[in-house]
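In: have a look at this prediction, sequence included:
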There are 2 protein chains.
Amino acid sequence: METKNTVHSAEVCNRHVVAVKDALYVLNGKWKLPLIIALSDGPMRFNEIQRALEDITPKILSKELKELELNEFVERKVFSTTPVTVTYELTPYSRTLDQVIEELRNWGQLHRERIVSSRKIKS
Amino acid sequence: METKNTVHSAEVCNRHVVAVKDALYVLNGKWKLPLIIALSDGPMRFNEIQRALEDITPKILSKELKELELNEFVERKVFSTTPVTVTYELTPYSRTLDQVIEELRNWGQLHRERIVSSRKIKS
DNA sequence: CATACTACTATCCCAAAGGATACCGGTATC
DNA sequence: GATACCGGTATCCTTTGGGATAGTAGTATG
């Protein structure tokens, strides 16, 4: 048994599970995090995002953007230029995800390297 | 424009997206992370896990455990006691997820608090 | 006046995820 | 011999995610 700085009761464990589930619930799906990462460059317009992400259909993009708006990760701004311009940009709140994204990114890289090098050994 | 320590070219952005997608691909679904968290207590038996997680059916549990085994997060051990005993335990590699889980957990808590307190204001 | 672009919406459809229920062979217990 | 526990499978079903395709109103451009 390792030494731990937290008592790992069923109760504590359950709170952890709930918190992680909460996070996954909001970040679910194929496009949420890629969208947030894409928008971290600065405001983008609808068609611009569509071109940047490739393979995302307008229906899905529209749905995902609405969900991100609801969760206050993204702000939609309409400018009454002619023709009208709509931009989407990250809110300050979305920046609270920076650590999460960074860890996922680091781990994703680590895991890919692991897979690649294990393929080399096996072949 | 904020000062950043990385150039945020489309290329860099894309590598980030790929890495995050890799991570999400492996950790996908409703049960992967909850299962890993549950197993961080130590080895558990099949029915024990089922009772701990509540609401997971044997079919799903079986499928998820197999996927976790394939990705080398979990090791399945069979003991030839009578009756036979099967345990599942985390591998050392699964510990590389600790940071990811911790960040998701922290963020999940933060987000829940935010939701709860915004409910209070509105009502 | 035809065409193209913007920011979408509508409709249809398919595949995968996941749940409900039942069941299996084996062992042990009453 | 009936029942119960263990570690799962098998079958069926519903829900959800997401893609394909077409079309919309409004504006500008040739």
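Out: Received the coordinates, thanks.

In: next up, the contacts around the residue nearest the centre of chain A.
Out: Closest residue to the average C-alpha location of chain A: A:L33 at 1.9 Å, with C-alpha atoms, centre = their mean. Contacts for A:L33 (C-beta atoms under 8 Å, 6 or more residues apart in numbering or on different chains) come out as A:L27, A:I101, A:L104, B:V17, B:V20, B:K21, B:L24. All C-beta atoms are positioned from the backbone trio N, CA, C, and that covers glycine.

In: now do the last one against B:I121, distance only.
Out: By that I understand B:L24. From B:L24 across to B:I121, the span is 33 Å (C-beta to C-beta, to the nearest Å).

In: and chain A, which residues reach DNA strand C?
Out: A:45-48, A:57-59, A:62, A:76, A:83-86 (C-beta under 7 Å from any atom of the strand).

In: how about these in a markdown table, adding distance to B:R114?
Out: As requested, the residues of chain A next to DNA strand C are exported to a markdown table (distance: C-beta to C-beta, whole Å):
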| residue | distance to B:R114 |
| --- | --- |
| A:R45 | 28 |
| A:F46 | 27 |
| A:N47 | 32 |
| A:E48 | 29 |
| A:T57 | 31 |
| A:P58 | 30 |
| A:K59 | 29 |
| A:S62 | 25 |
| A:R76 | 20 |
| A:P83 | 36 |
| A:V84 | 32 |
| A:T85 | 30 |
| A:V86 | 26 |
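
In: just those: which are in strands?
Out: Counting by DSSP state E, the residues of chain A next to DNA strand C place A:R45, A:R76, A:T85, A:V86 in strands.

In: in chain A, which spans are helices?
Out: A:10-26, A:32-39, A:46-53, A:58-70, A:98-122 (DSSP state H).

In: A:G29 is in contact with A:I56, correct?
Out: No - judged on C-beta atoms under 8 Å, A:I56 makes no contact with A:G29 at a distance of 11.2 Å.

In: list residues touching both of those two?
Out: Common neighbours of A:I56 and A:G29 (C-beta under 8 Å, 6+ apart) are A:E64.
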